[in-house]
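1. structure for the following, please:
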Amino acid sequence: MREPDGGHWDDYRFVLAVHRAGTVSAAARRLGVDHATVIRRIDRLERQTGERLFHRRASGYVATEAGQAVAATADAVESAIINGEGAVGRSARLAGTVRIGAPDGFGSTFLAPRLTGLVARHPDLDIELVATARLFSLSKREADIAIGLSLPQEGRIVGRKLTDYALRLYAAPAYLAGHPAIAARRDLEGHRFIGYIDELLYSPELDYLHQVSPGIGARLRSANLNAQLHAAAAGLGVAVLPCFMAARRDDLVCVLPDEVALTRSFWLMMHADSRDLARIRAVAEHIYGIVEAEREIFLAPRP
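-> Predicted structure coming up:
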């Protein structure tokens, strides 16, 4: 493969973006440019190198061997730039954007209302909070910081446990009043449960209904934890919910708290290349701090 001249090295980042995203449209959104610009840059680099960089398929773009080589080079350059930013930015005023990927419950219920102090201390910092039920690829730069339920087994990812968190069964008082009493675990099989859609489970740690009782299954399903919580509060059934979301609500009652008790963990993860960037480090330390300050709400239901 012929190397391009220096004027076209910037095109490499377009190849990297398409390689990571899998489609031109997704890469364009990530780069902040239009669809045509991405195609033009890739076409130009292919002409310059004399190599096909992607197989164009209906499902998206798949990098050829040459495309993978270009993407690897671009990734190395990106890592060097990030490391350079970290070196020069340690004494600078914090500015720029930090994207946090977090599970929907943690991101929307706990984290979002507790970003005030961070924003007040660093007014030039832009925060993007993506609170949704999915995994975030730090290697593909989908987020700068990711909150997950486990550490990945591959990739140059550094992580630290934020906290364990407790889950219990919850139901609305109206639901409990209108259905047979739940005095023991065996009584659960006659009740309507709310839970996840099996094929949309993004983490095996969320597949916990069978731990509650092997004879139950969700009759109302949602991939969104907030939807499950609101459905339970509306009296549509019994749900396994994190105590930090449900225990302080007056419209939910903890069911069998001494018999049904689950524990999961939240981990904070960053890519090894970017963990020393001042803005990312500041956001990570803020998240560590607020979790530590309010750890008790994660660990047990309200008495």
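
2. show me the shaky parts of this structure.
-> 1-9, 78-93, 301-303 (pLDDT under 70).

3. apply 50 and report the result again.
-> Counting by pLDDT under 50, the ranges of the chain that qualify are 3-7, 90-91.

4. in it, which spans are helices?
-> 12-21, 24-31, 35-49, 65-89, 104-105, 116-121, 173-177, 209-212, 225-233, 243-246, 278-293, 296-299 (DSSP state H).

5. how is this protein carved up into domains?
-> The chain breaks down into these domains under automatic domain parsing: 6-89, 96-163+265-294, 164-263.

6. of all those domains, which one is nearest residue 300?
-> Between residue 300 and the domains of the chain, the shortest gap by CB to CB is with domain 164-263, which sits at 5.4 Å. Bear in mind the C-beta positions are built from the backbone N, C-alpha and C, glycine included.

7. thinking again about what came up before, could I get the domains of the chain as JSON lines with distance to residue 300?
-> Putting the domains of the chain into JSON lines (distance: least, CB to CB, whole Å) gives the following:
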{"stretch": "domain 6-89", "distance to residue 300": "39"}
{"stretch": "domain 96-163+265-294", "distance to residue 300": "12"}
{"stretch": "domain 164-263", "distance to residue 300": "5"}
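
8. turn the ones you listed into JSON lines, including mean neighbour count.
-> Output for those, formatted as JSON lines (neighbours: other CB atoms under 10 Å):
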{"stretch": "domain 6-89", "mean neighbour count": "16"}
{"stretch": "domain 96-163+265-294", "mean neighbour count": "17"}
{"stretch": "domain 164-263", "mean neighbour count": "17"}
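
9. name the single longest strand found in this protein.
-> Assignment by DSSP state E gives strand 157-171 as the longest strand of the chain.

10. tell me what it is packed against?
-> The helices and strands touching strand 157-171, judged by 3 or more CB pairs under 8 Å, 6 or more residues apart in numbering; DSSP states H and E, are strand 238-242, helix 243-246, strand 253-255, strand 262-271, helix 278-293, helix 296-299.

11. mind putting these in JSON lines, distance to residue 215 included?
-> Output for the helices and strands packed on strand 157-171, formatted as JSON lines (distance: least, CB to CB, whole Å):
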{"stretch": "strand 238-242", "distance to residue 215": "13"}
{"stretch": "helix 243-246", "distance to residue 215": "23"}
{"stretch": "strand 253-255", "distance to residue 215": "16"}
{"stretch": "strand 262-271", "distance to residue 215": "17"}
{"stretch": "helix 278-293", "distance to residue 215": "36"}
{"stretch": "helix 296-299", "distance to residue 215": "29"}
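
12. ok, residue 213 touching residue 189?
-> Yes. Using CB atoms under 8 Å, residue 213 makes contact with residue 189 at a distance of 6.4 Å.

13. do I have it right that residue 106 meets residue 266?
-> Yes. If you go by CB under 8 Å, residue 106 and residue 266 touch, sitting 6.2 Å apart.

14. hey, what's in contact with both of those two?
-> residue 147 (CB atoms under 8 Å, 6 or more residues apart in numbering).

15. ok, back up a step: need the helices of the chain in JSON lines with distance to residue 152, can you?
-> Supplementary listing: the helices of the chain in JSON lines, determined by distance: least, CB to CB, whole Å:
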{"stretch": "helix 12-21", "distance to residue 152": "16"}
{"stretch": "helix 24-31", "distance to residue 152": "21"}
{"stretch": "helix 35-49", "distance to residue 152": "28"}
{"stretch": "helix 65-89", "distance to residue 152": "17"}
{"stretch": "helix 104-105", "distance to residue 152": "20"}
{"stretch": "helix 116-121", "distance to residue 152": "26"}
{"stretch": "helix 173-177", "distance to residue 152": "38"}
{"stretch": "helix 209-212", "distance to residue 152": "23"}
{"stretch": "helix 225-233", "distance to residue 152": "21"}
{"stretch": "helix 243-246", "distance to residue 152": "24"}
{"stretch": "helix 278-293", "distance to residue 152": "17"}
{"stretch": "helix 296-299", "distance to residue 152": "22"}
